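In: Attaching a predicted model along with its sequence, questions to come.
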Amino acid sequence: MDSQFFTDRFAAHLAADELPSPGLVEEWLGGTMQFLFPEFSSVRFTTERGLRLHYQTNNLKLYTILDTLKEQLKNPAGEVHTAFEGELVNIYAALSEDADAILSGDPAARNRTEVISTYPGFYALAVHRIAHALCRLGVPLLPRMLSEVAHQRTGVEIHPGATIGRRFCIDHGTGIVIGETVMIGDDVKIYQGVTLGALSVRKDMARTKRHPTIEDKVVIYAGATILGGATVIGENSIIGGNTWIVESVPARSRIYYKNTTARPLVPRED
C-alpha cells in the first residue's frame with residue numbers, strides 16, 4: 001500500500017478530537033439505570049451506604065467522560081457534572097410517571113416491575129430522558145452515543161434533542177423514529193413503526209424546526225408517518241395505522257384509511 005496513505009492516516013489520527021470510550025459510556029449508562037431502578041441492578045443493595053458507594057463510583061465515570069469532552073463544552077466539566085446530578089431527581093420522576101402510564105395503558109402489563117425490566121419502549125425512553133438532559137446542558141456527542149445504545153438494543157431511535165412530555169407511552173416500540181426537533185405533549189401514546197420525521201430540507205435549515213409537534217393526549221397507531229416542522233397534530237386526536245400526514249390536524253380528529261372496496265379473493269380463471 002502507498003506509504004503516503006499511511007502518513008495521511010497518521011496525521012488524521014493526530015488531529016482528531018479525543019472521544020469518550022464507548023465502553024465507558026455504556027458502563028456509566030448501565031450504572032445510572034441500576035441506581036435509578038433496582039430492576040436493572042445485578043446487585044441487591046442491602047445498605048444505603050452500598051448504594052451511595054455505587055453511585056459515587058459510577059458518577060466518577062461521568063466526570064471522566066465529560067473531562068474528555070472539555071474542549072467542546074460550553075461550561076467547565078465540573079459545572080456540567082453538577083448540573084446533571086441536579087437533573088436526576090426530575091428524570092426519575094418523569095420515568096416513574098412513564099412506567100405508570102405504560103402499565104395502565106397496556107392490558108398485557110402485569111406490574112411496574114415487568115414494565116421497567118422488560119419493555120423496550122420504557123428502556124428507550126429512559127435513555128432518552130438521560131440523553132436529553134445532557135443535550136440541554138450543551139454536552140456534545142455523548143447524548144448521541146447514548147441514544148445509539150438504546151437504538152441498537154430496542155430498535156427505537158429517538159434523537160436526544162426531541163422534547164417529550166410527561167406520561168409518554170411507547171407500545172411494542174420496534175421501528176419507531178423520533179426526530180431532533182419533534183415536540184410531544186403529555187399523555188401521548190405511540191405504537192411500533194411510527195415515524196415523526198422531517199420533510200426534505202436543505203442543510204442550511206438544520207437549525208430550524210423540521211419535525212412535527214404532537215399535542216397532548218394523542219394516540220398514533222402502528223406504521224403512521226408524520227412529517228414536517230409546521231405539522232401539528234391537535235390534542236386528543238387519533239392517528240390510524242399506516243397513515244401519511246404532512247399537514248396539520250385539528251384537535252379531536254380521527255385520521256385513518258378505510259378500504260371500502262375489499263372483496264374476497266376469487267380463483268383466477270386462466
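Out: On my side now, so go ahead. Residues are numbered from 1 along each chain as shown.

In: what about M33, distance to R207?
Out: Distance, M33 to R207, by Cβ to Cβ, to the nearest Å: 32 Å. For every residue, glycine as well, the C-beta is placed using N, CA and C.

In: what does I214 give?
Out: Look at I214 and R207: by Cβ to Cβ, they are 21 Å apart.

In: Following element in sequence after the helix or strand of the chain with the lowest mean pLDDT, please.
Out: Lowest on mean pLDDT, DSSP states H and E among the helices and strands of the chain sits helix 3-15, with a mean of 88. Next in sequence after helix 3-15, counting helices and strands by DSSP states H and E, comes helix 22-36.

In: Would you mind putting the CA coordinates of the helix or strand just after that next one into CSV?
Out: As assigned by DSSP H and E, the chain's next helix or strand after helix 22-36 is helix 48-68. The C-alpha trace of helix 48-68 is given here as CSV (Å, rounded to 0.1, in the frame of the first residue of the first chain):
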residue,chain,number,x,y,z
GLU,A,48,-27.8,2.7,51.9
ARG,A,49,-24.0,3.1,52.1
GLY,A,50,-23.6,0.4,49.5
LEU,A,51,-25.9,2.3,47.1
ARG,A,52,-24.1,5.5,47.8
LEU,A,53,-20.7,3.9,47.0
HIS,A,54,-22.1,2.5,43.8
TYR,A,55,-23.4,6.0,42.8
GLN,A,56,-20.1,7.7,43.6
THR,A,57,-18.1,5.2,41.6
ASN,A,58,-20.4,5.5,38.7
ASN,A,59,-20.6,9.2,39.0
LEU,A,60,-16.8,9.4,38.6
LYS,A,61,-17.2,7.7,35.2
LEU,A,62,-19.4,10.5,34.0
TYR,A,63,-16.9,13.1,35.1
THR,A,64,-14.2,11.2,33.2
ILE,A,65,-16.4,11.2,30.1
LEU,A,66,-17.1,15.0,30.4
ASP,A,67,-13.5,15.7,31.0
THR,A,68,-12.6,14.0,27.8
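
In: could you check the angle helix 22-36 makes with helix 48-68?
Out: Interaxial angle, helix 48-68 versus helix 22-36 (axes from the mean of the first three to the mean of the last three Cα atoms, to 10 degrees): 150 degrees.

In: Packing partners of helix 48-68?
Out: With contacts taken as 3 or more Cβ pairs under 8 Å, 6 or more residues apart in numbering; DSSP states H and E, helix 48-68 sits against helix 22-36, helix 77-105.

In: what's the neighbour count on N242?
Out: Other residues within reach of N242, judged by other Cβ atoms under 10 Å, total 12.

In: Might one say that it is in contact with Y257?
Out: Yes. With contact defined as Cβ atoms under 8 Å, N242 reaches Y257; the gap is 6.4 Å.

In: thinking again about what came up before, can you pick out the residue with more neighbours from I214 and R207?
Out: More crowded of I214 and R207, by other Cβ under 10 Å: I214, with 29 against 8.

In: Next, the contact list for the more buried one, please.
Out: Residues near I214 by Cβ atoms under 8 Å, 6 or more residues apart in numbering: 182-185, 188, 196, 220, 226, 233.

In: Which single one of the residues you listed is nearest to R112?
Out: For the contacts of I214, the minimum distance to R112 (Cβ to Cβ) is 19.8 Å, reached by V188.
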